[in-house]
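1. here's a sequence, model it:
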Amino acid sequence: MEHAPLSPAGLRFLKMHGLGNDFVIIDARSGENPVTPALARALGDRHRGVGFDQLAVILAAEGADFTLEFWNSDGSKAGACGNATRCVSDLVMHDLGKESVTLFTERGQLAACRRADGLVSVNMGDPILDAAAIPVTADPMALPLPGDPVAVGMGNPHCIFFVPDAEAVDVVALGQKVEHHPLFPERTNVEFAALVAPDHLRMRVWERGAGVTLACGSGTCATAVAAHLRGLTGRHVIVDVDGGRLEIDWRDDGVWMTGPTATVFEGLLSPAFLAAL
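-> So this is what the prediction gives:
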């Protein structure tokens, strides 16, 4: 992808997705970061902008191949986004002619690689289980909420409910209610997961600042961690989300997530669109 800082000619971007979890990607490695909350909101509008679940900005890095910054469609920072990390890592690996890369996010330095089957894996780091660091104002393993959910951090907060049937959950009604619950001072992502087998989960998700999405990488990781901590699964599980399937492996060096990536199109934001912000 051509590096694309803000210029009189407009602003280049790329649209990618991982299992339908879709992203606008702006490559700012060669210039200043052009993204503001106003630009994120305008781009995230699926009717008047481009539309995305998250916006990912690629920045230059010292000591790694690149840095990633994430935004939600409401103009807030996302903190972490696993599927966008896989998508951008795949993009940069193609750019650099490499099969593995290192990168920085708010979580610190992470690693990603392309497997022989073409799927892309990223190490999302160790799960955050300390209440203050998630953050949540109660015991993460015994939240005082109906349904007995678990809180896990993956660079962003998650509240995971284990349910008999994920298909039967009203994700919109419950998701937006829990996202804004006072237990979560920075709001939270909300996952609803059903056990299919000891190595297999079905999960649906409400993302903080985005709403219902077809997949959530960090949420899938958090759900796999919570399932193991609750004694439902081992540390290696398959998770079916609305958009497809992810493989999660909680290893000693962090939670690895593997799945497909897809490039959809490249575009150019017009000078008039940018000037109207």
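
2. pull the residues that contact stretch 172-186.
-> The contact list for stretch 172-186 (C-beta atoms under 8 Å, 6 or more residues apart in numbering) reads 135-138, 143-145, 149, 151, 157, 159, 161, 187-190, 192, 205-206, 208, 211-212. Every residue, glycine included, has its C-beta placed from N, CA and C.

3. which of those fall within helices?
-> Among the contacts of stretch 172-186, DSSP state H puts none in helices.

4. need the buried ones from the residues you listed selected in PyMOL.
-> The PyMOL command for the buried members of the contacts of stretch 172-186 (criterion: 16 or more other C-beta atoms under 10 Å) is given here:
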select buried, resi 135+136+143+149+151+157+159+161+187+188+189+190+192+205+206+208+211+212
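
5. take the contacts of stretch 172-186 and keep only those in strands.
-> Of the positions in these, 151, 157, 159, 161, 189-190, 192, 205-206, 211-212 sit in strands, assigned by DSSP state E.

6. those into a markdown table, with extra columns for pLDDT and distance to Leu174?
-> What follows is the ones in strands among the contacts of stretch 172-186, written out as a markdown table (pLDDT from 0 to 100; distance: C-beta to C-beta, whole Å):
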| residue | pLDDT | distance to Leu174 |
| --- | --- | --- |
| Ala151 | 98 | 15 |
| Pro157 | 97 | 16 |
| Cys159 | 98 | 10 |
| Phe161 | 98 | 8 |
| Asn189 | 97 | 13 |
| Val190 | 98 | 7 |
| Phe192 | 98 | 7 |
| Val205 | 98 | 11 |
| Trp206 | 98 | 7 |
| Gly211 | 94 | 12 |
| Val212 | 96 | 11 |
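
7. distance to Ala131 added to those, as CSV?
-> CSV is the format used below for the ones in strands among the contacts of stretch 172-186 (distance: C-beta to C-beta, whole Å):
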residue, distance to Ala131
Ala151, 7
Pro157, 10
Cys159, 12
Phe161, 18
Asn189, 16
Val190, 17
Phe192, 22
Val205, 22
Trp206, 21
Gly211, 26
Val212, 27
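
8. from those, pick the one nearest Arg41.
-> Closest approach to Arg41 among the ones in strands among the contacts of stretch 172-186 (C-beta to C-beta): Gly211, at 14.0 Å.

9. and the residue nearest the centre of the chain, how far from Arg208?
-> In the chain, the residue lying closest to the centroid (C-alpha atoms, centre = their mean) is Cys81, at 2.2 Å. Distance of Cys81 to Arg208, computed by C-beta to C-beta, to the nearest Å: 11 Å.

10. show me which positions of the helix ranked longest in the chain end up buried.
-> The longest helix of the chain (DSSP H) is helix 82-96. Buried residues in helix 82-96, defined by neighbour count with 16+ other C-beta under 10 Å: 82-93, 95.

11. for those, which one is nearest Ala226?
-> Of the buried residues of helix 82-96, the one sitting nearest to Ala226 (C-beta to C-beta) turns out to be Gly82, at 15.2 Å.

12. so the closest one makes contact with Cys221?
-> Yes - taking C-beta atoms under 8 Å as the definition, Gly82 is a contact partner of Cys221 at 6.1 Å.

13. list residues touching both of these two?
-> 124, 154, 257.

14. pull out the buried members of the residues you listed.
-> Using 16+ other C-beta under 10 Å, the buried members of the shared contacts of Gly82 and Cys221 are 124, 154, 257.

15. in strands, which of those residues fall?
-> Short answer: these in strands (DSSP E) are Met257.

16. among the buried ones among the shared contacts of Gly82 and Cys221, which one lies nearest to Leu229?
-> Met154 (13.6 Å).
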